[in-house]
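S.K.: any chance you can model this:
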Amino acid sequence: MQATARRYLLSPDLFGEPGPQEPEDLLRLGHVGWLPLAVIAGQAIRDLAVLRDHLGEDVPALTLPARLRLASSTAFRDFVREISEEMARLVAKYHDETASTGRHWFVLAAYPEVAPEATRGTPSRDRPHD
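M.R.: Below you'll find the model as predicted:
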């Protein structure tokens, strides 16, 4: 069998339920830590699409993309610490455990930008997997 599509959409159900992850583990594991987040995000996207179809209207969502160039790994660690503290502060300020509606998931993710030429010549870039 030979794969012929350029891209595939995988059901998040293929990966099963993600195990518990501590923020420190996700930072330490690098790209491996993305899998549990990808599963959760995939399930949320699927559920939002079903809800949108049921309601017949878009469901409010938010994305805040930003590009950041950091001078060093120390600057990266400082940035992660500072943005984590700020996010925790905002969650503590606005979270209302008694609210019956208005629940949202916020995921802050950062990854290094990879230039296309950096992956040229790798099996995953140039040919389908067997």
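S.K.: please make it C-alpha for all contacts and neighbour counts, starting now.
M.R.: Will do.
S.K.: out of the helices and strands in this protein, which is least certain?
M.R.: Sorted by mean pLDDT, DSSP states H and E, the helices and strands of the chain end with helix 23-29, the least confident at a mean of 53.
S.K.: immediately after that one, which helix or strand?
M.R.: Once helix 23-29 ends, the next helix or strand along the chain (criterion: DSSP states H and E) is helix 34-55.
S.K.: what comes up buried for that following helix?
M.R.: Trp34, Pro36, Leu37, Val39, Ile40, Gly42, Leu48 (16 or more other C-alpha atoms under 10 Å).
S.K.: count the residues that sit near Val80.
M.R.: 16 (other C-alpha atoms under 10 Å).
S.K.: what secondary structure does it sit in?
M.R.: At Val80 the chain is in helix, as set by DSSP: H, G, I helix; E, B strand; the rest coil.
S.K.: quick check: the gap between it and Gly56.
M.R.: Separation of Val80 from Gly56 (C-alpha to C-alpha, to the nearest Å): 39 Å.
S.K.: next one: Arg67
M.R.: For Arg67 relative to Gly56 (C-alpha to C-alpha), the value is 34 Å.
S.K.: give the buried residues for stretch 83-96.
M.R.: Result for stretch 83-96 [16+ other C-alpha under 10 Å]: no buried residues.
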